[in-house]
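Asks: A structural model of the following input is requested.
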Amino acid sequence: LLAIDPHDTARFPGFGIVGIDDRNPRTAHASRARDPNFDSAIFGNSTGQLIDPRNLSAATGLRFTQLTVPGTGPVEQTAVLDWFLARHKQPGSLVLTTDPSWCARTIDPSPLHPFPFWLYGDDLGYLRHIVNSKSIDRAVWRLQVAAGLRPRNDPVGYEDYMRGQGGTFVPPAAMPAADLTTDGTPLRFPWVDRLAQIIAGLPAETRVVAFMPPVQSALLGDGVVIAACKAALVAATSGRPHTAFVDARTDSAAT
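Replies: Model prediction:
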């Protein structure tokens with residue numbers, strides 16, 4: 001398993017197989033995020049999944065890949081981000097989809113779905129977990145890729161999950177504004193603080209965009225918590241060159 005390197009982590013010397021066939025972004029991104037053919041990436045969950053990295057590459061001259069993982073929050077997303085940064089010492093650009101999951105007021109939100117943190121952690125954790133049914137499956141698939149019996153993943157990682165979707169749009173019911181400050185607790189957003197730390201540690205040339213994606217207008221009853229979180233994101237991205245917070249969670253002509 002170490003030599004076949006089923007998830008293409010390049011942790012240990014292997015057989016030199018190029019590419020993987022893995023449709024699960026939770027595991028496939030271990031390969032994409034270390035790929036030296038890319039210098040830039042998009043992070044987040046499904047709210048950022050439709051950002052096409054090829055458009056960003058064409059517009060900037062950088063080389064983007066898609067590293068969003070549906071159904072995740074900042075705890076999983078920063079694991080992927082840390083893996084990427086450890087393997088790209090001079091990243092060109094980072095696009096971070098900071099949806100309201102980043103506005104959590106606890107540093108340890110429980111993941112909604114299982115996530116292979118061991119795959120993005122240290123070598124010891126990797127060795128303790130690598131022998132499992134999914135890794136064995138992907139090892140077989142990788143050997144088939146090497147033999148030309150299976151196609152390799154698109155390393156860019158983009159998939160338009162809305163393609164071919166029809167039907168009539170039914171607006172959701174309007175959401176009441178939620179004011180979560182009534183308990184008197186100061187509004188702190190530890191994941192926004194963590195983002196500020198990550199940004200502060202980047203090379204000065206790296207471009208960073210924190211992007212809060214749009215939602216249907218009936219879902220804009222955010223109250224003071226999201227407003228305060230947006231202010232924290234503005235503060236986290238201010239004062240550094242090539243860095244910005246783009247707020248699309250608004251009721252405007254563009255959104």
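
Asks: point out where the stretch 51-200 of the chain drops to low pLDDT.
Replies: Applying pLDDT under 70 to the stretch 51-200 of the chain flags residues 109, 175-185.

Asks: quickly find the element holding Phe115.
Replies: Assigned by DSSP states H and E, Phe115 belongs to no helix or strand.

Asks: and the closest residue to it other than its chain neighbours, how far from Lys134?
Replies: Excluding the flanking residues, the one nearest Phe115 by CB to CB, 6 or more residues apart in numbering is Glu76, at 4.7 Å. In this view, the C-beta of every residue, glycine as well, is placed from N, C-alpha and C. For Glu76, the distance to Lys134 equals 17 Å [CB to CB, to the nearest Å].

Asks: neighbour count winner among those two?
Replies: Looking at Glu76 and Lys134 with other CB atoms under 10 Å, you find the greater number of neighbours at Glu76, namely 23 against 14.

Asks: wait, the more buried one touches Pro111, no?
Replies: Yes - Glu76 is within contact range of Pro111, at 5.9 Å (criterion: CB atoms under 8 Å).

Asks: geometric centre of this protein: which residue is closest?
Replies: Phe43 (2.5 Å; CA atoms, centre = their mean).

Asks: please pull up the helix or strand immediately following the helix or strand that contains it.
Replies: Element membership for Phe43 (DSSP H and E) is strand 40-44. Proceeding N to C from strand 40-44, the next assigned helix or strand is helix 53-60, under DSSP H and E.

Asks: elements contacting that following helix?
Replies: Packing partners of helix 53-60 (3 or more CB pairs under 8 Å, 6 or more residues apart in numbering; DSSP states H and E): strand 40-44, strand 64-68, strand 93-97.

Asks: neighbouring strands for the second one, and are they parallel or not?
Replies: Right, strand 64-68. Strand pairing for strand 64-68, determined by DSSP bridges: strand 40-44 (parallel).

Asks: residues making contact with the partner strand?
Replies: 32-33, 48, 51, 53, 56-57, 60, 62-69, 77, 80-81, 84, 91-99, 211 (CB atoms under 8 Å, 6 or more residues apart in numbering).

Asks: stretch 61-70 too?
Replies: Outside stretch 61-70, the residues that touch it by CB under 8 Å, 6+ apart are 25-26, 29, 32-33, 35, 37-46, 48-49, 51, 53-54, 56-57, 76-77, 80-81, 84, 92-93, 95, 97, 115, 155-158.

Asks: what do you get for stretch 227-241?
Replies: In contact with stretch 227-241 (CB under 8 Å, 6+ apart) are residues 98, 100, 102-103, 187, 189, 192-193, 195-196, 199-200, 204, 208, 210, 212, 243-245, 247, 249.

Asks: can you select the buried ones from the contacts of stretch 61-70 in PyMOL?
Replies: Only the buried entries of the contacts of stretch 61-70 go into this PyMOL selection, using 16 or more other CB atoms under 10 Å:
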select buried, resi 25+26+29+32+33+35+38+39+40+41+42+43+44+45+46+48+49+51+53+56+57+76+77+80+81+84+92+93+95+97+115+155+156+157+158
